[in-house]
Every structure is written in C-alpha cells, then in structure tokens.
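A.B. asks: show me the folded form of this:
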Amino acid sequence: MKKISYKTIVLFSAFLFLMLGCTKDFEKMNVNPNEPAVVPTQYLLTNAEFRIIDYIWDEWWNGRQGLVYSQYWSQTAYTEESRFEPRVNITNSYWGFFYTNMMDLQNIIELNTNEDTKGTAAASGPNENQIAVARIMKAFTFHMMTDIWGDIPYFDALKGIENTAPTYTKQQDIYADLLKELTEAQAMIVSGDIAGDIIYGGDMTKWKKFANSLRMRIALRTSKVDPDYKAKVQAAIDAGAFESYEDDAYFQFDNIAPGYNPLYEAIVVSGRPPDFAVSEFMINTLIGLNDPRLSVYAEKAVAFDTTATPYRGLPYGLNATEAPAIAGPGSQNVSLPSNSTVVIPNAKGWMMTYGEVCFIKSEIMGWDQTEYEKGIEASMLTWGVDPADVAAYLPTVPAASAETVATQKWLGMYMQGNQGWFEYRRTGYPAMSGCVAGPLGDIGTRIVASRLFYPEQEQVTNRTNYDAAVAQQGLDQLFTRVWWDK
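C.D. replies: Below is the predicted model:
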C-alpha cells in the first residue's frame, strides 16, 4: 500500500483538538461528559512512528551525533561532538523523547489487549496486527537506545506513574528479549491491514519482513559475544526477511511544511551557514573505490568545481578554529551533503534496508561474494544510481572479506548515522582516522566514542538505579564499551 505522508499528522492534531481540546456543548453532541474521549489507536501509531523517526533523523541525534561519530560527516563549526564533547541538554532531552513516544506504543498494546477496550481499538485494524507493529517499533527503538547507552531501563520502563524510578536491565538481557519480542510479534500477524501506519501503509506482510530483518541485525551485533549468533540470524532469514530494496523500512518526509525532512529544515530552511560537510574519509573512500555513489552522496566543492578533483572532504575532528579555516568562506572549499538526495525536503528517513540484509547474509556465510554484490547493488539502486553504472561497477569490486563487506555496509548505511557508528564499533572497519585526543585525553586506537553518558537527570531522579547501572556496566564515560563491543 502507499505510504502515508506527514499530512496524516496534521489530521491527527486536528482530531485531538476536536476530541480533547473543545469541551463546550458536548451534551449537544451526544457525548457523555463523564467519560473521556478515546483516541483511536491509529492516531497513537501515527504519532509514535513519526516522532521516533523524526528524532532519530534530525540535526542533533543524526547530524551532530550519528553522522559525525560514524565519520560520514565532519563539522565545519561548533565541532564539540567530533571532539568527544556531547551536549548534556541533548542527551537529557532525547532519552526522554524516546521513552515518551514509546508510551504511545505501549498504550496501543494495552488498548488492544484489554477486554474492555480491544473491541473499540479494533476499528483501527486487527488487534493482533496493531500489537505486533507496536512491539516491532518498540524493539527498533529500544535497540537503538541500548546501543547508544548500554544498560538502560527496559523491563521496568514504560509503566508511567506506577514506576517512576525504573531499574536498569543488562544489555545482554535486553538483547535476548528483543529477539523474543520480534519473533513473537512477526508470528502473531494475521490477515488484515491496519490504519495509521506511515511506514508501510498498513501492509502487514512488509512488517513481518521488517521484524525478521531486525532480528538479523540484532543477532549479528552479538557476533563477538554470542557463539550462537549465526543460528539466530539464520532463523530470522528462514522466517522471511527483506527480499528486495522495495521492502526497505523508511518514512517518506514531505515536500511541504511541517512535514519536511528535519535535516533540510536545519540546513536549508534555517538559512544558517553550513555546519556540516562530507568527511574527508568518506570522500576519499568513495574516490578510492571509483564508487558511483560519490555524486549521489555529496556535492562538488564550489571552489574546485572545474578541477579534475572537485570532491573534497573535510578532515574529521578539527577544533572550532581549524575547521572553518579549512572549509573556507561559506564552506566553498569542501563537499557538502548532496542537495539533490540528502538535503531535500522529502528525503527518506531510513530504518533498515535490503542492502543491509544482504551484507549480513554475506558475513554469516563466510563472506559470500554473491550476497556481498547484491548488497552493493541494492544500496546503489536505493540511492538512484543509474542501473547501467551499477552493472559496470560490480565486476570491479574487490573480493568479499571482513574488511570489504564491512566497508561496503558502512557506505550503504550513509545517512543512518547511528547504525554506521554501531557497526564500526563492532567490526573496526573501515579503518578510520581522526581525532584521537580531546578534552578526555588520549584514548588509544579507538577514534570514536563507544557510548554516550547517561542523562544527568537520571542522577537526580533515579540515582539509586543509576549508581547500580554504573557499578554493573562500568564508568559512565564515553569510552566504556557496551556488552557486545569487544
């Protein structure tokens, strides 16, 4: 089915206004004033899906964190993040944003489970399917959060006022439960679409594939700590994962406000000078591979547009004086993110792609060449590379190996900043270079952060459980590695 645009969000806001904001003359509308209006679950789903993707994709969580830590981008100004100085207020805010929006998903589950409400909730589609989608979205969000922080509130979370000081769950236990949740969610799907879904338009066949593809991602990430990870990946493949790039999970941002791609808003609509350029490492990797995605991912540097080497990346990890001096006035000396595929209002907010599924298959099959090339092809077609250029490029790729598969997977995850960061932490590839000494001093061979600090607010409102988590996981520092990161 056709994906739903941000216009649905506008309708949702209007609905809430009518249902919850205007209480005058309710009696005349034949509404019992003693009973609260029930918001149809389709609107809870729309809101949760959009908000979660919008936050993950925006200037802060993606631009100044994921896309920087993964070295897809470098900062031309305000370079704190690339020098291991994350902003405390951002960490505080986004921790709250993700938990808050997962409450909508939890409410969907409860409304479709409770015998008193499940009949009404079914107006938005089969109860089982609504529950399944909410569980899949929760698993997607919790997985991102645990890979950011490590141990987090999980089993005790999302209980509202019943538990305002939740305990932290070990990441190892979170991972086990995420696989269980996704396995059960995909198995409970029945026939019948659901309303309010802005990712797959209610198509439950694709939700089933997404759940199994996520199982593959989660199981593979434990490759250094779980001897059974390959069997778990294979079980997800056997259950039915993505089969083509048309199965990709994403939200389509809109060409009209307020549904813009948030990076377009931050970079173009704001009218600010460019804060980001494509990193020197990214540009040089693409040039070195003669990769046709170069012109799709980046713009030519304005100052060198007529030269033989017009694409020039910005070195990573520069300080606030060095970066603008090298980037030049208006960042004319460096390649900016593409204004035809990346910094556009209606970009796709990716969650997972078929290309990633192919790279996972290649890895568990001992660096299978066919799946490796399928992954490259899928990534290029997803980004709109001419099929003829793809066909010409594939015979030139180096043989599949730990390094080449990880490098191509990293290239294919462009704009999924945090996922690129997580995969670099797992594999050590591609072999990045960058800032190795910042305000925290020499950190040895690792040149990106291993996690984020816990929010300061946790130390105030949930101190006992925060202290227990630190004692359990290790010092609350950027370079304390999480369970799977060995």
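A.B. asks: after the helix of greatest length in the chain, which helix or strand is next? Please name it.
C.D. replies: Across the chain, the helix with the greatest residue count (assigned by DSSP state H) is helix 88-113. Past helix 88-113, further along toward the C-terminus, the next helix or strand under DSSP states H and E is helix 118-121.
A.B. asks: let's verify the nearest residue to residue 462 once chain neighbours are set aside: helix, strand, or coil?
C.D. replies: Leaving aside its sequence neighbours, residue 462 sits nearest to residue 165 (Cβ to Cβ, 6 or more residues apart in numbering; 4.8 Å). For every residue, glycine as well, the C-beta is placed using N, CA and C. The local conformation at residue 165, judged by DSSP: H, G, I helix; E, B strand; the rest coil, is coil.
A.B. asks: check what pLDDT residue 165 gets.
C.D. replies: Looking at residue 165, its pLDDT reads 95.
A.B. asks: and what of residue 448?
C.D. replies: 81.
A.B. asks: that one touches residue 69, doesn't it?
C.D. replies: Yes: here residue 448 reaches residue 69: they are 4.9 Å apart, a contact under Cβ atoms under 8 Å.
A.B. asks: hmm, back to that, and for the residue nearest to residue 462, the neighbour number?
C.D. replies: 13 (other Cβ atoms under 10 Å).
A.B. asks: what's the answer for residue 366, then?
C.D. replies: Residue 366 has 8 neighbours, counted by other Cβ under 10 Å.
A.B. asks: got the contact list for the residue nearest to residue 462?
C.D. replies: Going by Cβ atoms under 8 Å, 6 or more residues apart in numbering, residue 165 touches 461, 462, 464, 465.
A.B. asks: mind putting these into a markdown table with distance to residue 43, secondary structure and pLDDT?
C.D. replies: Shown next, in a markdown table, are those (distance: Cβ to Cβ, whole Å; DSSP: H, G, I helix; E, B strand; the rest coil; pLDDT from 0 to 100):
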| residue | distance to residue 43 | secondary structure | pLDDT |
| --- | --- | --- | --- |
| 461 | 30 | helix | 94 |
| 462 | 30 | coil | 97 |
| 464 | 37 | helix | 98 |
| 465 | 33 | helix | 98 |
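A.B. asks: give the PyMOL command for selecting the buried subset of those residues.
C.D. replies: Filtering those down to the buried ones (16 or more other Cβ atoms under 10 Å) takes a single PyMOL command:
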select buried, resi 462+465
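A.B. asks: check which residues of the longest helix of the chain are buried.
C.D. replies: 90-95, 97-99, 101-102, 104-112.
A.B. asks: need the contacts of residue 165 in JSON lines with distance to residue 471, can you?
C.D. replies: Supplementary listing: the contacts of residue 165 in JSON lines, determined by distance: Cβ to Cβ, whole Å:
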{"residue": "461", "distance to residue 471": "18"}
{"residue": "462", "distance to residue 471": "14"}
{"residue": "464", "distance to residue 471": "11"}
{"residue": "465", "distance to residue 471": "11"}
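A.B. asks: ok, so of the contacts of residue 165, who is nearest residue 383?
C.D. replies: Nearest to residue 383 out of the contacts of residue 165 is residue 462 (Cβ to Cβ; 41.9 Å).
A.B. asks: contacting residues around that closest one?
C.D. replies: Applying Cβ under 8 Å, 6+ apart, the residues near residue 462 are 153, 165, 166.
A.B. asks: all good on my end, thank you.
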